[in-house]
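Undergrad: below is the sequence, then the predicted model.
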Amino acid sequence: MLTSLGNVSAQKTLYKKQDSDHIKAIFEAWNEKSGDYLYESVAALVMHQQQPERPEGVYSTPFELLQSMNPDRIGRLKRAAELELEKEKALTRGKREAYFWQNWIDYIETSTCELQEGSSTGEPHMLTFDGERYDFQNAGDYLLSSSEDGTFMVQTQLFRRFTKDAWSLNGGVVMNVNGDIVEFRGTEAPIDGEVYVNEVLISERNTTLNLPNGGTIRLNEVAAKNKNRHVRGDRYVVKWPTGEHVRVGIIRNFNFGDNEEVERKNVLYQLYVGVPKCRSDYSGLLGNNDGIKNDLVVNDTSTINNDRSSYSDEELFGDLRNSPEVISKNERSCFYISRTFGDTYQLSEKTSLFPIQMTAISDSIRYPTRCVTLADASDEQIAEARRKSEEAGISRDEMYSTVFDYTYANIDPKDQVDNPKPEEPIRTGSNEPVLNKDENQTNPVINKDPTPDTKSVPSNPTTTSQPRTTTQPRRTTQPRTSPRPPTRTQPNTQTKPGTRADPGTRSDPSSTTPPRKPSGGR
């Protein structure tokens, strides 16, 4: 079997793999087709090992398969695993730092959590998982979000169209999906960009592909006449076997500017990143998801509130936006966010996953030449932008972003409305999970040549709906957790359940292991 670029099997754990005939029987009784696969898949996730191959016709992540289970069956699995954990501890006299079955239980519990979304949209406007809002106007390669072990990682490539621009755009995105590398690349042609999976160009649309290490990618198509502008809904959806997802929208394409320090890009990506609400082992520009608004603090050096939500409407849109006090506060906040805070998550040549990197750009391009706010706009411009935003149904929390984008980039607020259908799985008493029922569909033959190239992966163009995520109350039980990377001095925070006990090591983007290609398509 071919291995993937991320090489998840390179990670080591502090415990040995355990087995339970009882737990395996519960999975098999749940679903004859997928039960054995899911049992082995969960074990592989806990051990940071290669995922087993999915059964034919299954286009869900192991996380989604767990979500489709009846809650009573989830309870049975947890009780059986707790008994196995007692045995595992007894064999080692409780002297280990981590246990297989404890991490197994944490993963099962995480599948009952609701998801929390953060986002990077427009020029770009950031919303952290914990609800803080700020503008990040740097250029270059930056870490948007990552779990401690790096099997979930999203990096954004920000660029300026013109060297004089003080704001930037999401012009490229790359992700580590449990060892598989997915890239969305803004290009001259096609005008809506390119998609790569493990260095293989994917040209097909209206299909869902299984990634080798347990994730999935949904590629939606739009009419040719609409490719150069935003269309409601997600253009692409990437899902991790650990529960995270990224919804990728394409707001519009731009004419090329005069900036010679970056590759020719013209796509503005809208990024919506979802993570399990009961985990707090994240870091990056979107924060740590600990439920506390402390994401814009690095080593406790900030003496001002950098959360835009702390500003009044008069300070954002009214006469006070031009007051010396507000202008000074904005300038200090802009400098802190672009330098002290931004430098924390700036990627280097070794840590960037982008094949075409922007890690060596000059500081004159990387950092904004000035802090752009609505103080630079006229009252008439702001009034028109607010009117259009209100007509589009933009919420007060999002109003500043859409007014800013319409004023400076001429992006219509109605094109920025993000209103996806709720994705909640239906848990029933049935033993049958939500699977692809199109048994008459013919799965394509995948080229298994391990050599990276730009061949398209053929797939079935049948359009299907996306699996849905659950909404459950937040749990208060505490798992065994590992310390968060020391990027800040931590306030008195409470750890959430479901965090990984063994972070291992991050996947090496420079690995020479040949890529493994996605399979299937529906």
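TA: Cool, the structure landed.

Undergrad: residues near residue 36, how many?
TA: Neighbour count for residue 36, taken as other CB atoms under 10 Å: 15. (Each C-beta comes from the backbone N, C-alpha and C, glycine too.)

Undergrad: and the spatially closest residue to it that is not a sequence neighbour, what's its pLDDT?
TA: The shortest distance from residue 36 to any residue other than its chain neighbours is 5.9 Å, reached at residue 28 (CB to CB, 6 or more residues apart in numbering). We have a pLDDT of 96 for residue 28.

Undergrad: cool, residue 156 as well?
TA: 98.

Undergrad: what about it, how many residues close to it?
TA: 28.

Undergrad: equivalent analysis for residue 275, please.
TA: Quick note: residue 275 (other CB under 10 Å) scores 29 neighbours.

Undergrad: residue 350 too?
TA: By the other CB under 10 Å criterion, the neighbourhood of residue 350 contains 9 residues.

Undergrad: any idea how far the worst-scoring helix or strand of the chain on mean pLDDT is from the chain center?
TA: For the chain, using mean pLDDT, DSSP states H and E, the weakest element among its helices and strands is strand 245-253, scoring a mean of 85. Offset of strand 245-253 from its chain centre (CA atoms, centre = their mean, to the nearest Å): 12 Å.

Undergrad: any idea which helix or strand comes after it?
TA: strand 267-276 (DSSP states H and E).

Undergrad: that following strand pairs with which strands?
TA: Strand pairing for strand 267-276, determined by DSSP bridges: strand 115-121 (antiparallel), strand 245-253 (antiparallel).

Undergrad: only alpha carbons, please: show the first one as PDB.
TA: What follows is strand 115-121, C-alpha atoms only, in PDB (Å, rounded to 0.1, in the frame of the first residue of the first chain):
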ATOM      1  CA  LEU A 115     -18.400  22.100  16.400                       C
ATOM      2  CA  GLN A 116     -17.100  25.600  16.900                       C
ATOM      3  CA  GLU A 117     -16.200  27.700  13.800                       C
ATOM      4  CA  GLY A 118     -13.600  30.400  13.300                       C
ATOM      5  CA  SER A 119     -13.000  32.100  10.000                       C
ATOM      6  CA  SER A 120     -10.600  34.200   7.800                       C
ATOM      7  CA  THR A 121     -12.600  36.200   5.200                       C
END
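
Undergrad: name every strand pairing with the next helix or strand along the chain from that strand and say which way it goes.
TA: Downstream of strand 115-121, the first helix or strand assigned by DSSP H and E is strand 125-127. Using DSSP bridges, strand 125-127 pairs in its sheet with strand 115-121 (antiparallel), strand 133-135 (antiparallel).

Undergrad: next secondary structure after the shortest one?
TA: Tracing the chain past strand 133-135, the next element assigned as helix or strand by DSSP H and E is strand 140-147.

Undergrad: buried residues, that next one. List them.
TA: Neighbour-count burial for strand 140-147, with 16 or more other CB atoms under 10 Å as criterion, is recorded at 140, 141, 142, 143, 144, 145, 146, 147.

Undergrad: picking up where we left off before, closest to residue 320 out of the strands paired with strand 125-127?
TA: Between residue 320 and these, the shortest separation by CB to CB is 18.1 Å, and it involves strand 133-135.

Undergrad: how far out from the middle of the chain is that closest one?
TA: Computed by CA atoms, centre = their mean, the chain-centroid distance of strand 133-135 equals 18 Å.

Undergrad: helices or strands up against the longest helix that the chain contains?
TA: In the chain, taking DSSP state H as the definition, the longest helix is helix 71-92. Helices and strands touching helix 71-92, by 3 or more CB pairs under 8 Å, 6 or more residues apart in numbering; DSSP states H and E, are helix 21-30, helix 100-110.

Undergrad: quick one: the longest one to helix 71-92, angle?
TA: Helix 100-110 and helix 71-92 are oriented at 160 degrees to each other (axes from the mean of the first three to the mean of the last three CA atoms, to 10 degrees).

Undergrad: pLDDT of helix 100-110, averaged?
TA: 97.

Undergrad: the residue nearest to residue 36: neighbour count?
TA: 15.

Undergrad: residues contacting it?
TA: Residues in contact with residue 28 (CB atoms under 8 Å, 6 or more residues apart in numbering) are 35, 36, 39.

Undergrad: can you put these in JSON lines and add pLDDT?
TA: Output for the contacts of residue 28, formatted as JSON lines (pLDDT from 0 to 100):
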{"residue": "35", "pLDDT": "97"}
{"residue": "36", "pLDDT": "97"}
{"residue": "39", "pLDDT": "98"}
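
Undergrad: in TSV, list these along with secondary structure and distance to residue 307.
TA: Output for the contacts of residue 28, formatted as TSV (DSSP: H, G, I helix; E, B strand; the rest coil; distance: CB to CB, whole Å):
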residue	secondary structure	distance to residue 307
35	helix	46
36	helix	48
39	helix	44
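
Undergrad: could you dump these into a markdown table and include distance to residue 382?
TA: Converted to a markdown table, these look like this (distance: CB to CB, whole Å):
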| residue | distance to residue 382 |
| --- | --- |
| 35 | 58 |
| 36 | 60 |
| 39 | 58 |
